[in-house]
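K.L.:
Structure of the sequence below:
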Amino acid sequence: MPDVHYAHIDAESHLELVRKLDIRSTPTTLFLNSAGVEVGRAMGTPKRAQVQAAIAAIH
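P.N.:
From the prediction side, this is the model:
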C-alpha cells in the first residue's frame, strides 16, 4: 500500500510523547488519518486483518 506509512518510535526515548498519547503498554499501534488524527489503536501486536480493517476505515 504505497499511501500507508509506518513509523517505529522507541517509547523509552520518548517518554513525554508516551504520556501525551496515553500509551499504557508496548507495543501499541496507532492508526492516524491523513490529517494526523488518531482513528484507531491496537495494543499488543495487531493481527493482519485488524490492520487492514483499520486502513480500510480510513480510506
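
K.L.:
got the residue ranges for the helices in the protein?
P.N.:
15-20, 48-58 (DSSP state H).

K.L.:
Which among these is found nearest to Thr29?
P.N.:
Nearest to Thr29, of all the helices of the chain, is helix 48-58, at 7.5 Å by Cβ to Cβ. Placement of C-beta: from N, CA and C, glycine included.

K.L.:
buried ones in that closest one?
P.N.:
Under the neighbour-count criterion of 16 or more other Cβ atoms under 10 Å, helix 48-58 has 51, 54 buried.

K.L.:
Return the list of helices and strands in contact with it.
P.N.:
Based on contacts counted as 3 or more Cβ pairs under 8 Å, 6 or more residues apart in numbering; DSSP states H and E, the elements that helix 48-58 packs against are strand 28-32, strand 38-43.

K.L.:
6 Å - rerun?
P.N.:
Of the remaining helices and strands, those touching helix 48-58 by 3 or more Cβ pairs under 6 Å, 6 or more residues apart in numbering; DSSP states H and E are strand 38-43.

K.L.:
Ok, which of the helices of the chain comes nearest Asn33?
P.N.:
Of all the helices of the chain, helix 48-58 sits nearest to Asn33, with 5.1 Å by Cβ to Cβ.

K.L.:
What lies in contact with the closest one?
P.N.:
Here helix 48-58 makes contact (Cβ atoms under 6 Å, 6 or more residues apart in numbering) with 31, 33, 39-40, 42.

K.L.:
ok, Val37 to Ser25 distance?
P.N.:
With distances taken as Cβ to Cβ, to the nearest Å, Val37 is found 22 Å from Ser25.

K.L.:
How about Met1, nearest residue that isn't a chain neighbour?
P.N.:
Ile55 (6.8 Å; Cβ to Cβ, 6 or more residues apart in numbering).

K.L.:
now Arg24
P.N.:
Met43 (7.4 Å).

K.L.:
Look up which residues are beta-bridged to the one you found.
P.N.:
According to DSSP bridges, the partner residues bridging Met43 are Thr28.

K.L.:
tally of neighbours for Phe31?
P.N.:
If you count neighbours by other Cβ atoms under 10 Å, Phe31 ends up with 19.
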